[in-house]
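> sequence-free structure coming up:
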């Protein structure tokens, strides 16, 4: 069996940057967030952000073992984030936030891993890199 290619340091940049942003945000006591009675904006934000974090981790390797590891890492970081909030004045620990973190990670990584058309759509090039490489040459897509 062939061993998977080595991960470069750069592949960890986006997940680490997002984790750092989460840590900074949860260390602030005065988070500005809309307050609507009919929707839990906080839980939706946890769901979305930790779904993104898990996806950024899962896209480094293919297959279910690494997908499950991505969910575990995101969920563990969600628990760590809640513990970190316990030291921030004006913030409190909520198990429901951690549940939203974990649910978001699962909801994002399962389709990414199981459904290849979805994964290909997320991984599709936006074209700007090709334009930079072809600087000076006319782009037929823009014609």
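Great, that's in hand. Just so you know, these numbers come straight off a predicted model, no measurement behind them. Numbering: from 1, shown residues only.
> For the rest of this, base every contact and every neighbour count on C-alpha atoms.
Fine.
> Let me see the contact set for the closest residue to residue 75 other than its chain neighbours.
In this structure, residue 75 finds its nearest non-sequential neighbour in residue 102, 4.9 Å apart by Cα to Cα, 6 or more residues apart in numbering. The contact partners of residue 102, by Cα atoms under 8 Å, 6 or more residues apart in numbering, come to 47, 50, 51, 71, 74, 75, 78.
> Just say helix, strand or coil for residue 91.
The local conformation at residue 91, judged by DSSP: H, G, I helix; E, B strand; the rest coil, is coil.
> Am I right that it is in contact with residue 85?
Yes: look at residue 91 against residue 85 with Cα atoms under 8 Å: they come within range, at 5.9 Å.
> circling back to that earlier point, of all the contacts of residue 102, which two lie farthest apart?
Pairwise distances across the contacts of residue 102 peak at 12.3 Å for 47 and 71 (criterion: Cα to Cα).
> Which neighbours do these two have in common?
Listed as contacting both residue 47 and residue 71 by Cα under 8 Å, 6+ apart are 102, 105.
> Show me which of those two is the more surrounded one.
Taking other Cα atoms under 10 Å, residue 47 and residue 71 do not tie; residue 71 has more neighbours (28 against 23).
> Mind giving me the packing neighbours of the helix or strand hosting that one?
Using DSSP states H and E, residue 71 maps to helix 64-85. Other helices and strands packing on helix 64-85, by 3 or more Cα pairs under 8 Å, 6 or more residues apart in numbering; DSSP states H and E, are helix 13-26, helix 41-58, helix 95-114.
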